[in-house]
Structure formats: structure tokens, C-alpha cells
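Undergrad: Sharing a sequence plus its predicted fold:
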Amino acid sequence: MIAFYSLLVYIFYSVFKKEEEDEEALEGACGYSPKYGPDHVSMETGSRRRGGHTPRMGKRGWSRLNESSSSSDSDGLSLSEEDDVPVEELAMPAKTPLAAFLSFKQEAEKRKTSTVQLDVGEKVSESPLVAVMSHLLSFLEQYSHLQQLQQQAEQYRLQLRRHRVQHRRHMKALRTHYRQRLHDKNSIISSLEEVISQQHTPTGEGDGVEACGGKAGLHTLVESLCGLQGERSQLRGELRLLHTQLEQKELDRHTKVQAFQQQIDELKSCIEEREEELNRLRTASGVTDSEKRVLCLSAENETLKHSLSVTQGLLQQLSVIPSQSSSGLMKENENLRSRVLQLESTLQQRAEQLSCLERQSEQSEWRRGEDVRRRDDRLKELQLELDKERTKEPLVKYVTQTVEVESPSALRLLAETRQKNERLTKKLSNQNERCKQLEEHIRRSDEVSCNLQHKIAAYEREINALREELLKVIGHLEERKEEAVKAAANCSEENLQNLQDQFITLQSRLSALPPTLRSMKTDYASLRTQVRNFSDFYGAAIKDAKKQMTTAISEISEANKDLLEKYRKEVALRRKYHEQLVELKGNIRVLCRVKPVLKEDQREEGQAVVVTTDPHNESALTVMNKGKGRTFELDKAFHPQATQEEVFQEIEPLVTSCIDGYHVCIFAYGQTGSGKTYTMEGNSENPGINQRALKHLFNEIEERKDMWEYTVSVTSVEIYNEVLRDLLCKDGEKLDIKMNPDGSGQLHVPGLRVIEVKSFQHIKKILAMARRNRITFGTQMNQHSSRSHALLMITVQGIDLATGTKTTGKLNLVDLAGSERVWKSGAEGERLKEAQNINRSLLSLGDVIQALRGRSTHIPFRNSKLTYLLQDSLGKGNKTAMVVQVSSLESNVGETLCSLKFAQRVCKVELGPAARKIEAGDKNHENYC
Ligand SMILES: Nc1ncnc2c1ncn2[C@@H]1O[C@H](COP(=O)(O)OP(=O)(O)OP(=O)(O)O)[C@@H](O)[C@H]1O
């Protein structure tokens, strides 16, 4: 029994295996078509495999197929010899072990039935195994039948293809035949037409007979032509008919193909149904383990085969399809592939670029960080230098330090200069020493001469006294002599003796006198010669000293020339560093000044101070509001006690820039009454930025007068209710802003008074005039509130005397009208309109700042007269400083916060590097710029 089952299993297995092999072989055999080639077949098999079903035909499908096949034959299109394959041969079932087994089984069944018939009445119990076997056998029968059907279907397909090929060939041959015929006829007609045209051409007089003969020939020719034309039209008709027939046949073929396709589909579905049934049977009949295993294995095998076939089909499709008929597809595929490759390479490049960019950005980030750090360091250094500069250290020292840091060549130059300076200083000090010695000598000589003079005078006095005494004595002696002569004549010898004695003593005394007198005289004479000699010596010494002094001075002046040159260079360097410093500080600087609490501000008692500055951080400012502190970081925050000078110190570099040819704008912004006018204009005791700036301008101009010649001109306007008015004209008319007609692109205000200023005193008068003409009113916030924006515009034009280079700097000093909350200022009527106009123009200023901050392409300068007028000083390439004025009192905290927020926005604006407005004279100058 076991042996039987094993045999059965083996048979099954071999049957299935064989079946698959046959199927493959059959597909291989049927798939080839001479027209479509092996690729086409592969495609078909591929698609069949993908479908997972092997097409098999049922009996019904087969009969229908036979019918249509016979109808196609009836069209009169017969197969050629080589294409004609006998159907019986193709439809021959494969000799398989299955067939042998079936025959064996049939015989067994027959035997069984005969045994059953023999053992009538005997009860035979059918075992389940037998039942299964019978199932299996019936299934196998069905299966073999299916196989046959499938083979038939394949054969039919082959036949159909052959038919199609033959039909096409036939049609082609027909078409060429008719075309040839038509062509022949056409050529005959054209030749005839040529002949006719020759016949029609006029001939000579002597050709009369020929002409008669020609006419007859012509007649026949025309007739034959007509006949030919008729034939041609007939042929054309035939051709047309053929065409219609062809079309009809094509249509028939198409419908037949469709019908076949439908039948094939039906057959396919039928086969599928059968296969499903078969599978069901297969699984149902797997009773024993070995059978189940076989079934499982076969199922597994099936799936593996299926996946293999799918893979193969895909592979074939991929490799074969393009080379056959789908050259377009292939091209497309190639294109796609190349495009993919291109894209991949681009992607790779992009990735590389990206990584490169990332690296670069990292590097630049790092470099930026380094730069910022270096800039910070430099800023600190420069700040230190500036501080030193501020403490009025000598200019050379400042430049020396700067140069020491900056340039080694300059350092060398400086060292040389310093050495020369030292040498000169030494020489000078030597000269000074000598001068001092000489002076000492002179002083001593003077002293000696003075003493001698005194002595001489004393001697002279003594001599005079002695002379007088002598004269007196002589006079007395004369008198006595006369008396003695008289007495001698009258008196006794005794008296005479006495008198003689007296006379002798007097004579002795007199004789004693001359040596003293003589010595005195010689003393006097020697002293005189000494004095004379000394004065000569003194004169010579002075001459000598003078000589030495002049040589020293000439040497110094010679060295001074060098020094002057170096000084020029150093000034240029200084300017450069100054520019760098200003740039590092930012071409837009925001400073905040806190107004001190004045008596008049404390109207309400218990007003708290809410704004505080940090003594350790000069750029921070904290505002307390509702118990919370908010810190603002600006460029500089001045404490309330900051002086006007301290504020100006911060502005000074910008004012200097103006002389160097930059456009500078300095404006005070803030709430009404917060001290804008005080900061800009100040008062007589404490002048503000305006006066200080002009003073600084004139001082600088004075310093540079050896090298530069400057012209300073001033204009002053106010903008009140969006109306421009000249402040340097009483009853100034309404002015308008226009473009300069010289095509420079600069703005210009026709009719505006421009005053050329010669001195600082002159400017003071002009400022006073402008102040008088400005509109102010008292508001609740400020007794003398400025109700307009006041602009003081200074133009400094310079010419370098050495090179002829021209610079034009502009300094706009703006005292803005006070921003205020309308309800708080108690404004009504005209005041309300003013306040609204002020707020509107300040809003425009804010918009301009916002646009500059956002680096917008359009800056709305024209939105207000204020911004329009400041256009050439407020935008890119210029320098701006804003002094934000705030009140420190609690009642103004809202306005203070508003002003500080605006200030912080301004802080973030980047104006870029400032541009100097310069017209070069010659190249030399550029070295200094
Ligand atoms: N730093 C200060 N030191 C002393 N007094 C000051 C200071 N700041 C302002 N003041 C005084 O405060 C008052 C108002 O100042 P100022 O007129 O300058 O304000 P303002 O902001 O210009 O006001 P408005 O916008 O209304 O014109 C003036 O009397 C001024 O002298």
C-alpha cells in the first residue's frame, strides 16, 4: 500500500514538473513571430507571467475560434507554404507519464466496475484514500484536457499571426502593383501630351504636305490619348475601389481581432476558473502528510516560479523592449537615465556646494566673530586713545600711539622724527644752556659794572667832595695867606712862625692829598676801561649768542619743514583713524540724555524718579514701570547731571567729519519739555550743541588754515504745520523744496537765505536771530514749547591749498518739535492741529528709520517736509547722531518708554560706510585722504 502511495506521489510530482517544462517549451516555441521578433514574444510571455496565469482554452472557446478561423480563410487570403504549419501537429498532446497513468487508471477503473458488477450484493466499503484518489484522478483528467486546450489556443494564435502577416504582404504587393500601373499610364499620357504639343507648334511654308499628314497623325494621337485618359480614369476608379476594399478588409480584420481578443479573454477567464478549481482540489485532496508536503512544495515552487517569471519578464522588458520597436522609449529611457545621472551629479555638486558653503559660512561666521572681537578690541583701544586725546595730550603723542599700533613704516618715520626732534631739542637745550650761561655772565658783568658804576660814582662823589674841600682849603689858605701877609706886615715874628707851621701842615696835607686823588683817578680810569672792555665783551658775547641762536633757529625751521610734512601726513592718518573710530562707533549713533528734575517739574508732590543710569555701563538705562524694570542699551546714556560739554564731546567727531567732507545730521528727539532745545541751543551760560559745533568748526578751520581754505555758509529753517519758513528772514515766506536744476541730484530750496559766516562771533548773531524768529508757545508741558522743527544747516566747503582738492561737508543740526500726547498737552484748535502735524512728521521720520533699518529699496523721504529736507544727510553713506531726550519723572514714563523704544529701533539701523563728498585736485592728495 505504502509503495503504491509513494509511486503515486512520485507520479504526481513528475507530472507537475513535466507539465511546467512542457509549458515553458511550448511558450518558447509559440512565442516566436517572424514579424514581431523574439522580443515581442518575450513581452507577451512576460505579461502572461506577470498575470500569474497560463492561458488555457476551454472547449467552447476553441469551437468559436475554429469558426472565425474558417471565416478568415474564406476571405481568399491563403497562407504561404513556409508559414503553413499543420494544426494537428501543433495540437498533438504531449506524451507524458500522466497520460500513461491515466490510461492505467482508466483500465483500473474498468476493472473495478467489472469487479463491482461481478460481486453484486456484496457490500464494498470505499476507503477515504480511494475517494481522494478518484478526486485526484478526475482532476488530472481535467487538467490534461486543459493542457490540450491551451496548446490548441497557442496554435490558433500562431495561425492568426501568420494570417495577419500574409494579409499585410498581399496588400502591399497589390498596392505596389497598382501604383506601378498608374505610373506607367501617367508616363504614357505625359509622352502623348508632349507629342501633341510638338504637333501644335507652327511649321514652315514648304511643309504643307507634312502638315496634312501630321494632322491625321494628330487626330489618331488625340484619339489614343482620349482612350488612354479613359483607361487612366478607369484605373483610378479601380484603385479607389481597391482602396475601399482594403479599408473594408482592414475594418473586418480589426473587428475579427477584437472578436478573437474577446474570445481569448473568455477563454482566459475560463482557464482561470478551472485553475482555481484545480487549486481547490489540490488543497482539498492533500490528505497524507507526504501529499500535503508535495502540495506545499509545489505551491511554493509555483510562487517561486511566478516571482522568477515576473523578475525575468521585468528583466526582459527592461533589456529587450527598447531595442525592438520602442526606440522612442529607449531614447526616452536613455534620456531619463542621462537626466537622472545629470540630476544625480547636479545633486552631488549641490551637496558639495552646500557643504562648501556651510564650511564657508562657518569660516565667515568665525571670521566675523574674530572681526567683531578685533573691532571691539580696537574700539576699546581707540576709546582709550580718544580719552587720552580728550585729556588734551599733545597731538603728536596721540598720533604716535595710533601710528605705533597701525603702521610699522610710520613707526620708523616717527622714530626718525623723534630722533631728529631729540637732536634738535638737545641742540636747543645746549643753546639754551649757553644762553643761560651768557645771561648769567651778562648778569654778573652787569652786577660788576653796576658795582663799578656805584664805586665810580662814590669815587667821583668823594673826588668832588675832596676837590671842594681842597678848594675850600686853598681858599682858606689863600685867605690865611693874605691875612698872614697882612699880619706879617703888621704882626710879630711869633705869629708868623705859627702861620708858617700851619702853612707847612696844610702843604703836607695838600701833598698828602694828590696820591689818594691820583690812586682814585687811576682806579677810576681802570674801572672805566674795565667797563668799556666788559661792554665790548658783552656785545661780542651777545652777538655770538645771537649768531648761534639764528643758526639754531634756521636749523630748527629746516627741520620744521620736514616736521610740517610729517605733520600733514599724521593729520591725514589721524583723520583716517578718526573716520575709523566714527565708523566703529557706528555711523548712526544714538545718545540718550536724561533731563534732571527741576523745581518747576515737581508741580505734583511725590513724583518718583523712574529712569536710572548705570555708573558701570555708560550705554545702559533702566526705566521702572509698574514695578518692572526695563533696560535699554544705546550707544551712550548721559546721567541727568551730564554737562553740555560732556554731551558735545560725544558729538564732536561727527562735527569734525563735516569739515572733512561728510554729510552729518544731528537731531534731538523726545517728548515736549524733555530738553531738546536746551541740548541743541542751550542758553547764554551753557551753550548747546549748535554753538559748540560751530565753535569747534572754526577752531578746526583755524588749525588747518596752512593747508586748507574753508568757506562756511549757514541757512536756518523751521517746519511749522508742514510749511517751510526761513528763520534768517523776518516774516519769512513759505518755501518749497525742489531738485537742484544743476542736475547734481541735490535738493535745493529756492529763495532760502544763505549767509556766509566768517567768524564764530558772526554765527552767534545768526543763531540769536534764528532763535528769535522760531515759533514757540506755552503748553501744559513746557512754558516755551517749540512748536516747529528747527533746522540749522551748515555747509563747509574746503580747498586743499596744495592739491586743489575740494570737499563739501554738510552739518544739519535739528531741534525737533516735541512729540506729545494730545490729551496730555491739553491742545485744542490750532494747537491741536500743530500737535497732529508734529506727530505726523515724527511718524514719517520713524518710517524712514524703519525703511533704513530694513534696508528697503524705497526710503519714504518724501512723506514729510522734514525727512525730505534731511534726505541727503539722513540716508546711506552719511553720519547721523540722535540725542533722545527723556524725562526721569514717573508721570512721563509712557512717553519715556516710547522715545526709548524708538531710539532702540534707530540703534539697529546700519547706514553703511560713510562717503566723503570730494572732488579730487590731483593724485598727490589721495595719499592724504
Ligand atoms: N539738562 C538740563 N539742565 C537744566 N535744565 C534743563 C535741562 N534740560 C532741560 N532743561 C530745562 O527744561 C525746560 C524745557 O526744556 P526745553 O525747552 O529744552 O524742552 P524741549 O524738549 O525743547 O521742549 P519742546 O519740545 O516743547 O520745545 C527749559 O527751561 C530748560 O532750560
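TA: On my side now, so go ahead.
Undergrad: Quick one: end-to-end distance for stretch 801-809.
TA: Taking CA to CA, to the nearest Å, stretch 801-809 runs 17 Å from one end to the other.
Undergrad: Please identify the buried residues of it?
TA: By neighbour count on 16 or more other CB atoms under 10 Å, the buried set for stretch 801-809 is T803, T805, T807, T808, G809. Where C-beta positions appear, they are placed from N, C-alpha and C, glycine not excepted.
Undergrad: which ones among those are found in helices?
TA: With helices taken from DSSP state H, there is no overlap with these.
Undergrad: Now tabulate the residues you listed in JSON lines and tack on distance to the ligand.
TA: Listed next are the buried residues of stretch 801-809 as JSON lines, based on distance: CB to the nearest ligand atom, whole Å:
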{"residue": "T803", "distance to the ligand": "43"}
{"residue": "T805", "distance to the ligand": "39"}
{"residue": "T807", "distance to the ligand": "33"}
{"residue": "T808", "distance to the ligand": "30"}
{"residue": "G809", "distance to the ligand": "26"}
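Undergrad: Next, count neighbours for H762.
TA: 16 (other CB atoms under 10 Å).
Undergrad: what's the helix or strand for it?
TA: Here H762, judged by DSSP states H and E, is contained in helix 760-773.
Undergrad: same check, this time on A881
TA: strand 879-887.
Undergrad: Just checking: what are the partner strands of that strand?
TA: Note on strand 879-887: by DSSP bridges, its sheet partners are strand 588-595 (parallel), strand 663-670 (parallel).
Undergrad: which is the next helix or strand following that strand?
TA: That would be, after strand 879-887 and using DSSP H and E, helix 893-907.
Undergrad: contacts for that following helix?
TA: If you take CB atoms under 8 Å, 6 or more residues apart in numbering as the criterion, helix 893-907 is touched by 588, 590, 592, 610-611, 621, 623-625, 630, 632-635, 669-671, 674, 819-821, 846, 849-850, 853, 882, 884-888.
Undergrad: Stretch 623-639 too?
TA: By CB under 8 Å, 6+ apart, stretch 623-639 touches 585-586, 589-594, 610-615, 618-622, 646-647, 650, 884, 893, 896-897, 900, 903-904, 907.
Undergrad: Give me the subset of those residues that also touch the ligand.
TA: The subset of these lying close to the ligand, counting by CB under 6 Å from any ligand atom, is empty.
Undergrad: Buried subset of those residues, written for ChimeraX?
TA: The following ChimeraX line selects those of those that are buried, judged by 16+ other CB under 10 Å:
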select :585,586,589,590,591,592,593,594,610,611,612,613,619,621,647,650,884,893,896,897,900,903,907
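Undergrad: Could you check how far S888 is from the ligand?
TA: Distance, S888 to the ligand, by CB to the nearest ligand atom, to the nearest Å: 11 Å.
Undergrad: Can you report how many residues lie near that residue?
TA: S888 has 24 nearby residues by other CB under 10 Å.
Undergrad: do T522 as well
TA: Applying other CB under 10 Å, we find 10 residues neighbouring T522.
Undergrad: List the residues that contact it.
TA: Applying CB under 8 Å, 6+ apart to T522 gives no contacts.
Undergrad: Could you give the average pLDDT over the host helix or strand of it?
TA: Secondary structure assignment for T522, by DSSP H and E: helix 493-585. What helix 493-585 shows for mean pLDDT is 69.
Undergrad: now stretch 897-915
TA: For stretch 897-915, mean pLDDT rounds to 79.
Undergrad: for stretch 178-188, same thing?
TA: What stretch 178-188 shows for mean pLDDT is 79.
Undergrad: do the same with stretch 255-273
TA: Rounded mean pLDDT across stretch 255-273 is 77.
Undergrad: Buried residues of it, list them for me.
TA: By 16+ other CB under 10 Å, the buried positions in stretch 255-273 come out as K256, F260, Q263, I264, L267, K268, C270, I271, E272.
Undergrad: can you check stretch 143-163 too?
TA: Quick answer for stretch 143-163 (16+ other CB under 10 Å): 143-144, 146-163.
Undergrad: tell me the domain boundaries of this structure?
TA: Using automatic domain parsing, the domain parsing of the chain gives 53-115+128-200+214-287, 326-379, 420-568, 586-926.
Undergrad: where exactly do the helices run in the stretch 651-800 of the chain?
TA: 676-680, 689-703, 760-773 (DSSP state H, counting those that start in this stretch).
Undergrad: If you count contacts, what does the shortest one end up packed against?
TA: Identification of packing neighbours for helix 676-680 by 3 or more CB pairs under 8 Å, 6 or more residues apart in numbering; DSSP states H and E yields strand 663-670, helix 689-703, strand 806-815, strand 879-887.
Undergrad: List the contacts of that helix.
TA: So helix 676-680 is contacted by 593, 595, 644, 647, 668-670, 688-690, 784, 786, 790, 813-816, 818, 883, 885 (CB under 8 Å, 6+ apart).
Undergrad: Just name the most buried of the helices of the stretch 651-800 of the chain.
TA: Comparing these by mean neighbour count (mean count of other CB atoms under 10 Å), helix 676-680 ranks first with a mean of 25.
Undergrad: quick one: is that helix near the ligand?
TA: Yes: shown here: helix 676-680 in contact with the ligand (CB under 6 Å from any ligand atom) through K676, T677, Y678.
Undergrad: Check which helix or strand the closest residue to R253 other than its chain neighbours maps to.
TA: Nearest non-adjacent residue to R253, counting by CB to CB, 6 or more residues apart in numbering: H167, 6.8 Å away. Using DSSP H and E, the element containing H167 is helix 128-200.
Undergrad: how far away is T643 from T656?
TA: 20 Å (CB to CB, to the nearest Å).
Undergrad: And for R240?
TA: 104 Å.
Undergrad: out of the two, which sits in the more crowded spot?
TA: Comparing R240 with T656 by other CB under 10 Å, the one with more neighbours is T656, at 21 against 10.
Undergrad: Just confirm the more buried one contacts H696, I think it does.
TA: Yes: applying CB atoms under 8 Å, one finds T656 in contact with H696, separated by 7.3 Å.
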